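**Q** Here is the input, now give the coordinates:
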Amino acid sequence: MSGIAFRNAAGVALAAVLLAGCVTAPEYKDPLAAFKQAQAPKEGPYAGLALRVVLSENTQKSMGHMDSTNRMSVAWGGRPDYEPRQLTDRLKELLERRFRSVTIVTDTAAPGAPRADVTMIFDARVTIGTVSFTQNTIELAGIFTDEAQQPIETVTGKGSSTVPWPAFIPSFPEAFKQAFAEFEKGLDGAGKLRELVAARGAGRKTAARPAAPADPAALAGRVRALPGRAWALVVGINRYRHAEPLNYAVNDARAVAAALGRLGFSDVRTLLDEQATKAAIEQTIYGDLKDKMGPSDRLFVFFAGHGISVPLPRGGEEGYLIPVDGDPERPELTAIPMDEIKKMGKRVPAKHIFFAIDSCFSGFALTRDATLAATPDAALLSALEEPVVQVLTAGRKGQKAVETEGHGLFTRRLLDGIEGRADRDRRGFVTVTQLAAWLTPRVTRDSEGRQHPQFSALEGEGDFVFVLPAQDAR
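**A** Numbering: from 1, shown residues only. A predicted model of the protein is given here:
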């Protein structure tokens, strides 16, 4: 794109490039702000509701449109005003201040999708004008449905702005802000949704009170007496056949494997460098381990190596783990798609499955949990009985994983967390939700904002747990 010349408007194009290319210092924020907000008590009529948000096909197309426009704008020297992530980030921020919990998914029929009191189909239709005097338009619709998938109420918001002269001077944020302001106002005034909440509250007045939090000693004993075995696959790759080498991935893998041996894992398989082919990874999970697992078991998979995100033809992106024989230029044929993690919950009999990936991706941004609060005792008792597939990645797409003290920063904090530092309540165990809540702000802070870990429960409502050694139990 940089080679295109606008001969009939050279002066205008030059002015546009000069304006778009001005360097502006970034707006720095408190790295703990999102974490503090997630832990703040919810207030208002929706505070007791668990909300599931389903991104419609139109929304996913809109994000693809924003992404392609964003790439074009940056290539021409403009600002990244059309980053598609801002659509879901703004929605998440708006909703998590009102609802007890928020989970964002892309498939209404996904097996194991978390249960919710209310589901909202989020439909966004975005048109970006790229020529002067054309329109940027944003139309938002949140279609709320009950547990029977019957529509309750639709909340809308619209925004528009005119592309000024000369073209390519950003005006999209004006339309974006206007649309979400209307959407937020509509949500707070949604009468039928409020009626549903009030009716549920009245019906629950005669219901039994929730059980009191478990006694800490009894809870610790319950966790330590969990049935089933703990299995692990640990992968670390420094020397790639078709990609640039890494420094500390093998160190990371060895340290994690050693830690798991102290945490009661009965079988830890390790694949390092040339051992970590695509075939070997799949054989270990779907052959060696799958055939031995039972329905009460836990499976932990750690991967330290390259990961990439590839644009899809119709918008959106797909993430891949790159094995030692993987070719970043041909990931569809040689790498392991991140969607494989979702499928694993159906293929592997283990009840609780957790992936920790020291690579950066964008593919889970649409499904990560909106809150990272530690699981209360009473909720944990229920989570121990529910299946789950959880994933924690080192950062977002485009963020280079920071290395320090002979390890990746993410892995160093992961090790600290699972070996006890994330056990802030001194209960003798660490859940993955608790680990993510502890790790995320620390990696963000220690990397000076260059790395933002991503967490998601892809399937189910349970929680993976690391049981600390008896002498470390508090």
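**Q** and Phe172, what are its phi and psi?
**A** The phi and psi values for Phe172, taken as degrees, to the nearest 10, are phi -60, psi -40.
**Q** meant to ask about Pro453
**A** Here is the backbone geometry of Pro453 (degrees, to the nearest 10): phi -60, psi 150.
**Q** Show me what the strand or helix carrying Lys158 is packed against.
**A** Following DSSP states H and E, one finds Lys158 within strand 151-162. Using 3 or more C-beta pairs under 8 Å, 6 or more residues apart in numbering; DSSP states H and E as the contact definition, the elements that strand 151-162 packs against are strand 135-145, helix 172-188, helix 191-203. (Each C-beta comes from the backbone N, C-alpha and C, glycine too.)
**Q** right, so those: which one is the most enclosed?
**A** Greatest average neighbour count among the helices and strands packed on strand 151-162 goes to strand 135-145 (a mean of 20), per mean count of other C-beta atoms under 10 Å.
**Q** From the opening residue of stretch 238-250 to its closing one, how far?
**A** Here the two ends of stretch 238-250 are set 6 Å apart, with distance taken as C-alpha to C-alpha, to the nearest Å.
**Q** what do you get for stretch 308-322?
**A** Taking C-alpha to C-alpha, the first and last residues of stretch 308-322 lie 8 Å apart.
**Q** So for that stretch, what gets flagged as buried?
**A** Neighbour counts using 16 or more other C-beta atoms under 10 Å place Ile308, Ser309, Gly315, Gly316, Glu317, Glu318, Gly319, Tyr320, Leu321, Ile322 of stretch 308-322 among the buried residues.
**Q** Can you give the distance of that stretch from its chain's centre?
**A** The chain centroid and the centroid of stretch 308-322 are separated by 15 Å, computed with C-alpha atoms, centre = their mean, to the nearest Å.
**Q** relative orientation of the strand holding Lys158 and helix 172-188 in degrees?
**A** Taking axes from the mean of the first three to the mean of the last three C-alpha atoms, to 10 degrees, strand 151-162 and helix 172-188 form an angle of 160 degrees between their directions.
**Q** residues making contact with strand 151-162?
**A** Outside strand 151-162, the residues within contact range by C-beta atoms under 8 Å, 6 or more residues apart in numbering are 118, 129, 133-146, 171-172, 174-187, 190-193, 196.
**Q** For it, which strands pair with it and how are they oriented?
**A** As defined by DSSP bridges, the strand partners of strand 151-162 come to strand 135-145 (antiparallel).
**Q** Next, the residues that contact the partner strand from outside, please.
**A** Outside strand 135-145, the residues within contact range by C-beta under 8 Å, 6+ apart are 118-129, 151-163, 171-172, 174-176, 178-180, 182-183, 186-187, 190, 193.
**Q** which stretches of the chain form helices?
**A** Counting by DSSP state H, the chain has helices at residues 10-20, 33-39, 57-75, 85-96, 172-188, 191-203, 216-224, 249-262, 278-283, 331-334, 339-347, 377-383, 409-416, 432-446.
**Q** how near is Glu332 to Val250?
**A** Counting by C-beta to C-beta, to the nearest Å, the separation of Glu332 from Val250 is 27 Å.
**Q** So for these two, which residue has more residues nearby?
**A** Just comparing Glu332 and Val250: by other C-beta atoms under 10 Å the higher neighbour count belongs to Val250, 20 against 10.
**Q** and the residue nearest to that one when sequence neighbours are not counted, what does it touch?
**A** Take Val250 and drop its neighbours on the chain: the residue closest to it by C-beta to C-beta, 6 or more residues apart in numbering is Gly236, 4.3 Å away. Contacts for Gly236 were tallied using C-beta under 8 Å, 6+ apart; they are 249-254, 270-273, 276, 304-305.
**Q** rerun that using 10 Å as the cut-off
**A** Contact partners of Gly236, counting by C-beta atoms under 10 Å, 6 or more residues apart in numbering, are 246, 248-257, 270-273, 275-276, 302-305, 358, 408, 411.
**Q** among those residues, which ones are buried?
**A** 246, 248-253, 255-257, 270-273, 275-276, 302-305, 358, 408, 411.
**Q** Which one, of the helices and strands packed on strand 151-162, ends up nearest to Ala350?
**A** Each of the helices and strands packed on strand 151-162 was scored for nearness to Ala350 using C-beta to C-beta, and the closest is strand 135-145 (32.2 Å).
**Q** thinking again about what came up before, so what's the residue nearest to Val250 bridging to?
**A** Applying DSSP bridges to Gly236 gives these bridge partners: Leu272, Ala304.
**Q** where's it relative to Gln283, distance?
**A** 17 Å.
**Q** again with Gly417
**A** Distance, Gly417 to Gln283, using C-beta to C-beta: 30 Å.
**Q** So which of these two has more stuff around it?
**A** Gly417 (23 against 14).
**Q** how near is the more buried one to Ile357?
**A** Counting by C-beta to C-beta, the gap from Gly417 to Ile357 is 15 Å.
**Q** tell me the pLDDT at Gly64?
**A** With respect to pLDDT, Gly64 has a value of 90.
**Q** now the one 10 residues further on
**A** At Val74, the predicted lDDT confidence score is 80.
**Q** repeat for the one 5 residues further on
**A** Note for Arg79: predicted pLDDT of 75.
**Q** So it sits against Ser73, correct?
**A** Yes. Using C-beta atoms under 10 Å, Arg79 is in contact with Ser73, at 6.9 Å.
**Q** Can you pick out the residue with more neighbours from these two?
**A** Set side by side, Arg79 and Ser73 show unequal neighbour counts under other C-beta under 10 Å, the larger going to Ser73 at 22 against 19.
**Q** So for the more buried one, what's the nearest residue that isn't a sequence neighbour?
**A** Nearest non-adjacent residue to Ser73, counting by C-beta to C-beta, 6+ apart: Tyr82, 6.2 Å away.
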